[in-house]
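Asks: Could you work out the structure for the sequence below:
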Amino acid sequence: MATPMTASQFVKALEDEGVDVREYRSWRTHNRNHKGAWGPVHGVVIHHTAGSNSLALCYDGMAGLPGPLCHTHLSKSGVASMLSAGRANHAGTIAQNAYNAMLNEASTHPRPSSSEPVDGNRATYGIEIENLGNGRDFYPQKQYDAAVRWAAAICRFHGWGADSVIGHREGTTRKIDPKGPIGSANGPQFDMDQFRKDVAARLKAKDEEPKPTTPSKPTTPTKPAKPATPAKPTVDLSNLTAAARRDPGLKQGGTTHPADVKLVEAALKAEGLLSAAYAKDGSFGTLTRTAYAAWQRRCGYTGSAADGIPGKASLEKLGAKRGFKVKA
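Replies: Okay, here's the model as predicted:
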């Protein structure tokens, strides 16, 4: 019985596997847990979107099928956008024989029976890979490799083998995904047996990476002493909150605590939340407050807790990621 990963564990597992991860909107709290259990988890299901530009659709869902429609959306460029860390509407019901093969990590995955008593949304992680699903739209190699790494990251975290991974078409007779050529329009068709082999190879290759060794010490010191690591800059929380409350009402360009604000503006720019044109002025104006509110929502806050006025927890999280300390 495997407990599902937390949102932070999910992101770390993917990043450690070399996946280009982006956190989308309020994904950490976006789920269908109120409609049924999430976990224990037993496997991974691979899907294609059957459309293009479908990131928002996979997050929001559609009439009769509310989002999230998967845990991760994978673009043609190989960017993995996180959409949920809980129950998602991706697998629906799946056949008992398909579920048993996944659960027992059978080397053979049978044609799914027509009876589908298993709640796949409870027991599996799901990825939607951007592809038209018409058998001609191809998966760029970078996208395919990212899908392999995504599945391998989940298997590695839970201690599963590659046979815990199935295609949606292997879990139900209702679906055909994933479908389409790989690498080019003339490439080989997406084959789940080969995909599992690639996941297994990824798991084995990383497991067998040589561990760093400690060099033997010379009898006579010959290396110069390492320069001291520069101290991280510090942001004063009280200065920052004062600026966030005062600067929007000042004349254009007015500042209250520019040194503290510039550090935070640079961090928000690095997160893709504030344009470069406003990332160096040291004024915690309306645009900076809007950008910080977006960061708070990315951290999982909503309503008045995401008003753009920095709080200790969200600021420390931004500092840990972007290289500054917080003085409370």
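Asks: which residues touch D163?
Replies: 101-102, 105-107, 109, 196 (C-beta atoms under 8 Å, 6 or more residues apart in numbering). Placement of C-beta: from N, CA and C, glycine included.
Asks: How is it assigned, secondary-structure-wise?
Replies: Using DSSP: H, G, I helix; E, B strand; the rest coil, the structure places D163 in helix.
Asks: Which one (most neighbours) among the contacts of D163?
Replies: Neighbour counts for the contacts of D163, by other C-beta atoms under 10 Å, peak at M102, which reaches 26 neighbours.
Asks: K197 contacts A162, correct?
Replies: Yes - when contacts are counted by C-beta atoms under 8 Å, K197 is listed as touching A162 (7.2 Å).
Asks: can you put the contacts of D163 in a markdown table and add distance to A205 and pLDDT?
Replies: Output for the contacts of D163, formatted as a markdown table (distance: C-beta to C-beta, whole Å; pLDDT from 0 to 100):
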| residue | distance to A205 | pLDDT |
| --- | --- | --- |
| A101 | 25 | 95 |
| M102 | 23 | 95 |
| E105 | 19 | 94 |
| A106 | 23 | 95 |
| S107 | 20 | 92 |
| H109 | 23 | 95 |
| R196 | 15 | 97 |
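Asks: Can you add distance to A328 and secondary structure and give these back as TSV?
Replies: Putting the contacts of D163 into TSV (distance: C-beta to C-beta, whole Å; DSSP: H, G, I helix; E, B strand; the rest coil) gives the following:
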residue	distance to A328	secondary structure
A101	53	helix
M102	48	helix
E105	48	coil
A106	54	coil
S107	55	coil
H109	54	coil
R196	49	helix
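Asks: More neighbours: K197 and A162, which one.
Replies: Neighbours were counted for K197 and for A162 using other C-beta under 10 Å; A162 has more, 22 against 13.
Asks: you'd agree that one is up against R196?
Replies: Yes - with contact defined as C-beta under 8 Å, A162 and R196 form a contacting pair (4.3 Å).
Asks: the helices in the stretch 1-150 of the chain, which residues?
Replies: Remark: helices assigned in the stretch 1-150 of the chain by DSSP state H, counting those that start in this stretch are 7-16, 55-60, 96-103, 120-123, 141-158.
Asks: buried ones in the third one?
Replies: Looking back up the chat, that one is helix 96-103. By neighbour count with 16 or more other C-beta atoms under 10 Å, helix 96-103 contains the buried residues 97-99, 101-102.
Asks: Do I have it right that R169 meets F190?
Replies: No - if you go by C-beta under 8 Å, R169 and F190 don't touch, sitting 9.9 Å apart.
Asks: any shared contact partners between these two?
Replies: 178-179.
Asks: between the two, who's got more neighbours?
Replies: Higher neighbour count among R169 and F190: F190, with 25 against 21, using other C-beta under 10 Å.
Asks: how far away is that one from D177?
Replies: 9 Å (C-beta to C-beta, to the nearest Å).
Asks: Touching both of the two, which residues are there?
Replies: The contact sets of F190 and D177 overlap at G167 (C-beta under 8 Å, 6+ apart).
Asks: which residues in this structure form strands?
Replies: Here the chain has its strands, by DSSP state E, at 20-23, 43-48, 61-62, 65-66, 72-74, 79-82, 93-94, 118-119, 124-129, 165-167, 234-236, 325-327.
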